[in-house]
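In: Structure here, sequence nowhere to be found:
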């Protein structure tokens, strides 16, 4: 009888662990979809696409020229000029995602011809979907390397 209870207990334990893995995989895929919506929207300057990845309370926060700035979603999405394709020498990538139950953080890098943007996102699982609620960002110029001319 003890063996039966032990067997049932182990089965329940493994079923629970399996369900948690499935939930995490599903959440990871959902977060990647949200972040890719943001990245593709940025690449084509599509404010509608970018805005769909944000919660209504979303804010951008950054520090530049000795000034802390907070930009709400409504001001951030103004001024986009949609284009059909992403520019040459433009790339975006998800660096990492860390999930804890119904919250997550993510790091995204976007490289333009002259700047590297590093964005950190806070995400919340809301009504079964994931949305970006906050973004902190910094940018740095790409390093230029001069190659000496070959001696003849």
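Out: Nice, I can see it. This is a predicted model, so every value here is computed, not measured.

In: next structured bit after the lowest-mean-pLDDT helix or strand in the chain?
Out: Of all the helices and strands that make up the chain, the one with the lowest confidence by mean pLDDT, DSSP states H and E is helix 2-43; it has a mean of 74. Following helix 2-43 in sequence order, the next helix or strand is helix 47-52 (DSSP states H and E).

In: What distance do you get for residue 82 to residue 47?
Out: With the distance defined as CB to CB, to the nearest Å, residue 82 ends up 7 Å from residue 47. For glycine as for every other residue, the C-beta is placed from the backbone atoms N, C-alpha and C.

In: Between the two, which has more neighbouring residues?
Out: residue 47 (16 against 11; other CB atoms under 10 Å).

In: which stretches of this structure have low pLDDT?
Out: Scanning the chain for pLDDT under 70 picks out the ranges 1-23, 152.

In: In space, what's closest to the spatially most central residue of the chain - neighbours in sequence excluded?
Out: The central residue of the chain, meaning the one whose C-alpha is nearest the mean C-alpha position (CA atoms, centre = their mean), is residue 35 at 4.0 Å. For residue 35, ignoring the flanking residues on the chain, the nearest one in space by CB to CB, 6 or more residues apart in numbering is residue 94 at 5.3 Å.

In: tell me how far the helix or strand that neighbour falls within is from the chain's mean position?
Out: When elements are defined using DSSP H and E, residue 94 is found to belong to strand 91-100. In terms of CA atoms, centre = their mean, to the nearest Å, the centre of strand 91-100 is set 5 Å apart from its chain centre.

In: Kindly report the same for stretch 109-126.
Out: For stretch 109-126, the distance from its own C-alpha centre to the chain's C-alpha centre is 6 Å (CA atoms, centre = their mean).

In: again, but for stretch 83-98
Out: Distance of stretch 83-98 from its chain centroid, counting by CA atoms, centre = their mean, is 11 Å.
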